[in-house]
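Enquirer: Return atomic coordinates for the entry below.
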Amino acid sequence: MKQLSLDNLRTFVSVIEQGGYAKAGEFLGRSQPAVSLQIKKLEEQLARKLFTKVGQRHLPSVDGNWLYPKAKAMLEMNDGIFRSLTPAPLSGRLRLGIPNEFASTLLPGLIGEFSARYPDVVLEVTSALSRELLHEAKRHSFDLILALVNPNEPTEGEVVIEDDVVWVGDTMRPFVDNPISLVLAPDGCMYRSRVIDALKQQTKAWKIAYTNADLSGLSAAINQGLGVTALARSSIPTTLTPLTHPSLPVLGKVNICLFNQDTQHPVVSKTLAEFITTRLKA
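Expert: Residues are numbered from 1 along each chain as shown. Take a look at the predicted model:
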C-alpha cells in the first residue's frame with residue numbers, strides 16, 4: 001500500500017504559502033536543495049508535476065492546486081492528533097542562546113512552528129558569539145545553548161552535527177585574490193580565528209576589509225563586493241554561496257553542539273532541543 005510522506009507534504013504546503021523554494025527553506029530551516037529534493041520525491045510518488053517554473057518563481061500547477069487543500073487537511077489532522085494526545089500543554093519561559101548566524105538562518109522557521117505548537121512557551125532568544133554564550137559568567141543565564149566547538153576540544157554539550165567550515169561569497173561577484181579581502185566578525189569569533197590561522201600558513205596576501213558581529217551586516221558587505229567570509233555549511237543564508245578557489249585554504253570541521261542546562265522546565269527545553277536537532281540534520 002502506498003503512503004504519502006507527511007514531511008514532504010508539509011514542505012509542499014510551505015512552498016506554496018511562503019512563495020517559493022528558498023523562502024520555504026528558510027521557514028522550515030532547511031536548505032533549498034533539500035526542499036527541492038522533497039518536492040521531487042513527492043512528484044515522483046504521485047507521477048504528477050506539482051509546480052511550474054515561471055521565470056524564477058515556482059507556481060503550483062493544476063495538480064498542485066488540487067493537492068494543496070487536501071495536503072493542508074492531512075497535516076491539520078496529523079497535528080490535531082498529537083495536540084489532542086499531549087498529556088499537558090508545554091508552558092514556561094525558555095532562555096535560548098544561539099550564534100548569530102544560526103539566529104538568522106535557523107530560527108525564523110523553527111520559532112514559528114514551535115510557537116504554533118506550544119503557544120504557552122515564552123522564548124527569550126539571545127544571539128552572540130559561541131565563546132560569549134559559553135563563558136562561565138554568562139552561560140547560566142540560558143536554559144539551552146547552541147554553540148560552535150572545535151572538534152579537538154572537550155565539550156559537555158551534545159554534538160548535533162560535525163559540519164564543514166567553508167568559504168562563502170556572492171556568486172554574482174568574481175573572487176579577487178590579490179589580496180584576499182575578508183569580511184569577518186570581531187575578535188573571539190571561531191570563524192575569524194580559523195580563517196586567519198589558515199591564511200597565515202600560506203603566502204597569499206590578505207586583508208580584513210570589514211568587521212561586523214551581525215550576519216546580516218556581513219552578508220550585505222559581501223553582496224556589495226567587500227570580500228568573502230567563512231561559515232559552517234549548515235548556516236549559510238540563501239543570499240550567499242560556498243566558494244572554492246586555489247587561493248582559499250581548507251578550513252576544516254566544526255562541531256555544532258547543544259548544551260541543555262534547564263532544570264526548571266526540562267520537558268520544554270528537551271522539546272526545543274529536538275526541534276533544533278531535527279532542523280540541523282535535515
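
Enquirer: can you list contacts of stretch 205-220?
Expert: Outside of stretch 205-220, the residues that reach it under the criterion C-beta atoms under 8 Å, 6 or more residues apart in numbering are 100-101, 103-105, 129, 178-186, 189, 199, 221, 226-227, 229, 237, 239-240. Every C-beta, even on glycine, is put in place using the N, C-alpha and C of the backbone.

Enquirer: Buried members of those into PyMOL, please.
Expert: Selecting just the buried residues from the contacts of stretch 205-220 in PyMOL takes one command, with 16 or more other C-beta atoms under 10 Å as the test:
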select buried, resi 100+101+103+104+105+129+180+181+182+183+184+185+189+199+221+226+227+229+237+240
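
Enquirer: how about the helices in the stretch 1-150 of the chain?
Expert: 6-18, 21-28, 32-46, 62-85, 100-105, 107-117, 130-133 (DSSP state H, counting those that start in this stretch).

Enquirer: what does the stretch 151-282 of the chain give?
Expert: According to DSSP H, counting those that start in this stretch, the stretch 151-282 of the chain carries its helices in the segments 190-200, 215-223, 266-281.

Enquirer: so which of those helices comes closest to residue 250?
Expert: Closest to residue 250 of the helices of the stretch 151-282 of the chain is helix 190-200 (C-beta to C-beta; 7.4 Å).

Enquirer: what's that closest one packed up against?
Expert: strand 180-184, strand 229-232 (3 or more C-beta pairs under 8 Å, 6 or more residues apart in numbering; DSSP states H and E).

Enquirer: In its sheet, which strands sit next to the shortest one, and in what direction?
Expert: Taking DSSP bridges as the criterion, strand 229-232 pairs within the sheet with strand 158-169 (antiparallel).

Enquirer: Using CSV, write down the CA coordinates of the strand it pairs with.
Expert: What follows is strand 158-169, C-alpha atoms only, in CSV (Å, rounded to 0.1, in the frame of the first residue of the first chain):
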residue,chain,number,x,y,z
GLU,A,158,25.8,17.1,22.8
VAL,A,159,27.4,17.1,19.3
VAL,A,160,24.4,17.5,17.0
ILE,A,161,26.4,17.5,13.8
GLU,A,162,30.0,17.8,12.7
ASP,A,163,29.9,20.5,10.0
ASP,A,164,32.3,21.8,7.4
VAL,A,165,33.6,25.4,7.8
VAL,A,166,33.6,26.8,4.2
TRP,A,167,34.4,29.9,2.4
VAL,A,168,31.3,32.0,1.5
GLY,A,169,30.8,34.7,-1.1
